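Enquirer: just the structure for this:
(one chain, ligands or ions: 1)
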Amino acid sequence: DSSKAVGDQVDWQITGIDPGAGIMQATDRAIKEYGLDKWKLKQSSGAAMTAQLKRKYQQKDPIIITGWTPHWMFQKFDLKFLKDPKNVYGDAEAIHTVTRKGFKQDNPGAAKILDQFHWSQDDMGKVMLATADGKKPEEAAKEWVKKNQDKVKEWTKGAKKGNGKEVKIVYVAWDSAVASTNVIKTVLEDMGYKVTLKQVEAGPAFAGLSDGSVDAITCVWLPVTHKSYWDKYKSKLVDLGPNLKGGAKTGLVVPKYMKDVNSIEDLKA
Ligand SMILES: C[SH](C)CC(=O)O
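Expert: Below is the predicted model:
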């Protein structure tokens with residue numbers, strides 16, 4: 001019943017993802033800065049949030065999620081970002097590749113490939129969509145790598161073969177991170193490196209890089225989303241720069257059929 005306040009329609013709940021995600025910290029800030037006192041941010045996971053979105057969307061029911069591009073949900077559902085006049089979520093973000101200090105010295109070949117890794121929203125979207133449609137992430141990655149050897153050759157140009165040298169890559173279960181992590185794993189393995197993946201929450205991912213227990217990550221969102229983690233650990237980290245630039249954005253997202261909700265300010269009770 002769209003005549004009721006949007007808060008009543010969604011039981012004053014924003015459907016979030018894993019508690020350590022930067023988008024969750026940003027949403028806590030938004031709730032404070034926009035005075036959304038009645039609102040609660042529900043913690044879950046990337047997968048649980050998209051499952052809830054699908055359920056609600058199929059019924060054309062209202063839902064407000066913590067959302068971001070690149071993400072396959074924008075291909076599957078007709079969604080819009082709520083305007084953020086206080087710019088709590090920041091402007092365009094970039095997704096960076098980061099390694100632990102010393103990795104370049106220990107493993108120059110793998111570090112060069114990670115440094116040269118860069119791709120577009122469209123590239124990542126193809127891998128994410130294949131995974132969302134049921135393909136295993138490693139299969140979706142292998143298929144993309146096979147079809148895009150021209151790009152992969154740019155990433156591996158001038159890099160030494162691995163000869164079994166190990167690379168430990170950490171990631172968080174965000175669809176965009178799963179895509180980039182599995183693609184770079186495939187490329188490193190094709191170059192003879194032994195790659196182990198470790199899936200953790202955002203906090204432990206940065207902690208693991210800073211204490212040297214893992215080597216690299218391809219899903220650091222800067223300058224806003226992961227600023228708190230970057231500021232805390234940057235003395236032990238090396239930023240290899242963006243692997244995806246342009247179009248990365250976070251915020252509150254709703255289905256376009258919620259016509260009367262267009263700004264975060266519209267959520268105020
Ligand atoms: C892929 S999500 C925007 C990352 C995060 O919120 O920490």
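Enquirer: which bits of the chain sit near the ligand?
Expert: Counting by C-beta under 6 Å from any ligand atom, the chain comes close to the ligand at 21, 22, 23, 68, 174, 176, 202, 221, 225, 226, 250. Where C-beta positions appear, they are placed from N, C-alpha and C, glycine not excepted.
Enquirer: can you tell me the SS state at the third one?
Expert: Think residue 23. Under DSSP: H, G, I helix; E, B strand; the rest coil, the three-state class of residue 23 is helix.
Enquirer: that one: how many residues sit nearby?
Expert: 25 (other C-beta atoms under 10 Å).
Enquirer: which among the residues of the chain next to the ligand gets closest to residue 148?
Expert: Within those, the smallest distance to residue 148 is 17.1 Å, found for residue 176 (C-beta to C-beta).
Enquirer: remind me what the helix or strand where the closest one lies packs against, helices and strands.
Expert: Residue 176 is part of helix 175-190 when elements are defined by DSSP states H and E. Under the contact definition 3 or more C-beta pairs under 8 Å, 6 or more residues apart in numbering; DSSP states H and E, helix 175-190 sits against helix 108-116, helix 121-132, helix 137-147, helix 149-156, strand 166-171, strand 194-199, strand 216-222, strand 237-255.
Enquirer: between the ones you listed, which one is closest to residue 59.
Expert: Among the helices and strands packed on helix 175-190, strand 237-255 sits nearest to residue 59 (C-beta to C-beta), with 10.5 Å.
Enquirer: strand partners of that closest one, parallel vs antiparallel please.
Expert: strand 65-69 (antiparallel), strand 79-81 (antiparallel), strand 93-100 (antiparallel) (DSSP bridges).
Enquirer: what does the helix holding residue 176 rub up against?
Expert: With contacts defined as C-beta atoms under 8 Å, 6 or more residues apart in numbering, helix 175-190 is touched by 46, 50, 68, 70-72, 95, 110, 113-114, 117, 119, 124, 127-128, 131-132, 137-138, 140-142, 144-145, 152, 155-156, 162, 167, 169, 171, 195, 197, 218-219, 243-244.
Enquirer: give me the low-pLDDT residue ranges for the chain?
Expert: Filtered on pLDDT under 70, the chain yields the residue ranges 1-3.
Enquirer: what residues does residue 169 make contact with?
Expert: Residue 169 makes contact with 181, 184, 185, 195, 196, 197, 198, 214, 215, 216, 217, 218, according to C-beta under 8 Å, 6+ apart.
Enquirer: derive a PyMOL selection command for the buried subset of the residues you listed.
Expert: To isolate in PyMOL the members of those that are buried, counting by 16 or more other C-beta atoms under 10 Å, one can use:
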select buried, resi 181+184+185+195+197+214+215+216+217+218
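Enquirer: let's have the contacts of residue 169 in a markdown table, adding distance to residue 80.
Expert: Putting the contacts of residue 169 into a markdown table (distance: C-beta to C-beta, whole Å) gives the following:
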| residue | distance to residue 80 |
| --- | --- |
| 181 | 28 |
| 184 | 31 |
| 185 | 34 |
| 195 | 38 |
| 196 | 39 |
| 197 | 34 |
| 198 | 35 |
| 214 | 37 |
| 215 | 38 |
| 216 | 34 |
| 217 | 30 |
| 218 | 28 |
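Enquirer: report the secondary structure state of residue 60.
Expert: Here residue 60 is coil, with the state taken from three-state DSSP.
Enquirer: CA atoms only for stretch 176-193 - export them in PDB, please.
Expert: Output in PDB follows, covering the C-alpha atoms of stretch 176-193 (Å, rounded to 0.1, in the frame of the first residue of the first chain):
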ATOM      1  CA  SER A 176      32.300  -8.100  -7.500                       C
ATOM      2  CA  ALA A 177      35.100  -9.400  -5.300                       C
ATOM      3  CA  VAL A 178      34.400 -13.000  -6.200                       C
ATOM      4  CA  ALA A 179      34.600 -12.100  -9.900                       C
ATOM      5  CA  SER A 180      37.900 -10.200  -9.700                       C
ATOM      6  CA  THR A 181      39.500 -12.700  -7.300                       C
ATOM      7  CA  ASN A 182      38.700 -15.800  -9.500                       C
ATOM      8  CA  VAL A 183      39.800 -14.100 -12.700                       C
ATOM      9  CA  ILE A 184      43.200 -13.100 -11.300                       C
ATOM     10  CA  LYS A 185      43.600 -16.500  -9.700                       C
ATOM     11  CA  THR A 186      43.000 -18.100 -13.100                       C
ATOM     12  CA  VAL A 187      45.600 -15.800 -14.800                       C
ATOM     13  CA  LEU A 188      48.200 -16.400 -12.100                       C
ATOM     14  CA  GLU A 189      47.700 -20.200 -12.300                       C
ATOM     15  CA  ASP A 190      48.000 -20.100 -16.100                       C
ATOM     16  CA  MET A 191      51.400 -18.400 -15.400                       C
ATOM     17  CA  GLY A 192      52.400 -21.200 -13.200                       C
ATOM     18  CA  TYR A 193      51.700 -19.700  -9.700                       C
END
